[in-house]
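> Mind folding the following:
(chains A, B, C and D)
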Number of protein chains: 2
Amino acid sequence: MDIDEGLRDRLIRVGGDLLDSAGPSAVSLREIARRAGVSHGAPRRYFPTHLELLSAIARDGYTDLVGRTTAALAEAADDPRTRLAAVARVYLDFATTRPGRYALMFRHDLLESGHLGLRETSLPLFGLLTDLVARARPTPEPPPRVVAGALWANLHGIVQLWTWGSLPLATGAADPGALLDAALTAHLGPSA
Amino acid sequence: MDIDEGLRDRLIRVGGDLLDSAGPSAVSLREIARRAGVSHGAPRRYFPTHLELLSAIARDGYTDLVGRTTAALAEAADDPRTRLAAVARVYLDFATTRPGRYALMFRHDLLESGHLGLRETSLPLFGLLTDLVARARPTPEPPPRVVAGALWANLHGIVQLWTWGSLPLATGAADPGALLDAALTAHLGPSA
DNA sequence: GGGTCGAGGTAGACAGCGTCTACGGTGGTC
DNA sequence: GACCACCGTAGACGCTGTCTACCTCGACCC
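Numbers count the residues shown, from 1 in each chain, chains lettered A, B, ... in the order given. Take a look at the predicted model:
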């Protein structure tokens, strides 16, 4: 299956492996080239700058996240609240099982996110969130987009502060589940 | 006043200025030394590694944030809800007026936060948050520490996604105030 | 008062990085 | 068979953080 894998794809794959195993700071152009078995100048044919290679790797992570989300939703019940809980779980699992990937995806200083279609990849996820919020919480005020934004930010903050160890230290909790539940209940009201 | 300012303090100050004007990636040891008018090896006397200098600069930011918070609380009404809103405002203002500083303070990969007293500087802020949450929201479940953790994460997420431009794009909002209000209301109940 | 010692800053080296440039080699096309 | 465009190589440049040897100057001690 790796036969005929072009160098461009191989660089993304090798870079992603490196990212997952050693974190964003280890993902240098030269190290990727070394592991791909090419000279340090070769990646330049496909990625003129380091930033563009990192962005391609990040985009790979976004498509993985989208895939995991849709897979989880495919086998979740129809209740919007449980669907939102499933999305939150996927988000958290992704960040904990692939922390390097997750960290890179939100290092906007490394990604020039405006130029590279990253927003186009992540916006559909936000649209999904907004729809679920609108279904789970039919009151018009505040508008679902605002609630979805606040909920997304909450999810993101919990995941980030949790993986950094700040939240476990501050709250004394051993599992982020309680925090996720608290966030969902706060933004959507008590679960039925 | 700058007379007798030791090199150590001068490095922190110059590094902080550089951080505020050009972002975390511009804060190199050699550039700080250049701007401080010393050789590139001089900082090593006080900060054996780049990481320790960055951590000192970040800690400087934490003390500034704590100072702004206590100043805002000193002139805020006694109602815990409005005090929490004031804290949230300070947090947001800090991140928007000093984005480089804010970004560095949460770049845990650059800070080795465990070793350097950063947690000791930020934990009192969390304690304050917990107290205010307990006063603003006397119901025992979920425990105030969990609510405070979720609220802190929400605040942090809003500020981060807002400064990156993700939230303005996704929600179409022009001001983060609505999101902050939504978050406070979600976690604390409707304002009296 | 002269010698000693240590703190604090200088200067050069090293490896690694991203980027730029000139160069080769190879396969497809007229 | 000649040409050309593609694709990878190899070396250079300036930058980075870190390590090391050196130097200088002031305080302390006998």
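
> mind checking the SS state of the residue of chain A positioned farthest from its centre?
Distance from the C-alpha centroid of chain A peaks at residue A:39, with 30.9 Å (C-alpha atoms, centre = their mean). Three-state assignment for residue A:39 (DSSP: H, G, I helix; E, B strand; the rest coil): coil.

> Got the phi and psi for it?
Main-chain torsions, residue A:39, degrees, to the nearest 10: phi -70, psi 170.

> any idea which element the nearest residue to it once chain neighbours are set aside lies in?
With C-beta to C-beta, 6 or more residues apart in numbering or on different chains as the criterion, residue A:39 has its nearest non-adjacent residue at 6.4 Å, and that residue is residue A:33. Backbone N, C-alpha and C define where each C-beta goes, glycine included. Here residue A:33, judged by DSSP states H and E, is contained in helix A:29-36.

> Is that helix in proximity to DNA strand C?
Yes. Contact of helix A:29-36 with DNA strand C (C-beta under 7 Å from any atom of the strand) involves A:29-31.

> Can you list the buried residues in that helix?
The neighbour-count check on helix A:29-36 (16 or more other C-beta atoms under 10 Å in any protein chain shown) flags A:29, A:32-33, A:36 as buried.

> Next: stretch A:84-95.
Quick answer for stretch A:84-95 (16+ other C-beta under 10 Å): A:84-92, A:94-95.

> Wondering if stretch A:172-187 reaches chain B at all.
Yes. Counting by C-beta under 8 Å from any C-beta of the partner chain, chain B has neighbours in stretch A:172-187: A:172-173, A:178-179, A:181-183, A:186-187.

> closest to residue A:17 among the residues you listed?
residue A:179 (30.8 Å; C-beta to C-beta).

> Run a quick neighbour tally on the closest one.
28 (other C-beta atoms under 10 Å in any protein chain shown).

> Quick check: the gap between it and residue A:15.
Computed as C-beta to C-beta, to the nearest Å, the residue A:179 to residue A:15 distance reads 32 Å.

> try residue A:89
Distance, residue A:89 to residue A:15, using C-beta to C-beta: 27 Å.

> isn't the residue nearest to residue A:39 right next to residue A:46, touching?
No. Counting by C-beta atoms under 8 Å, residue A:33 stays clear of residue A:46, with 11.2 Å between them.

> If anything else comes up later, I'll come back, but that's it for now.
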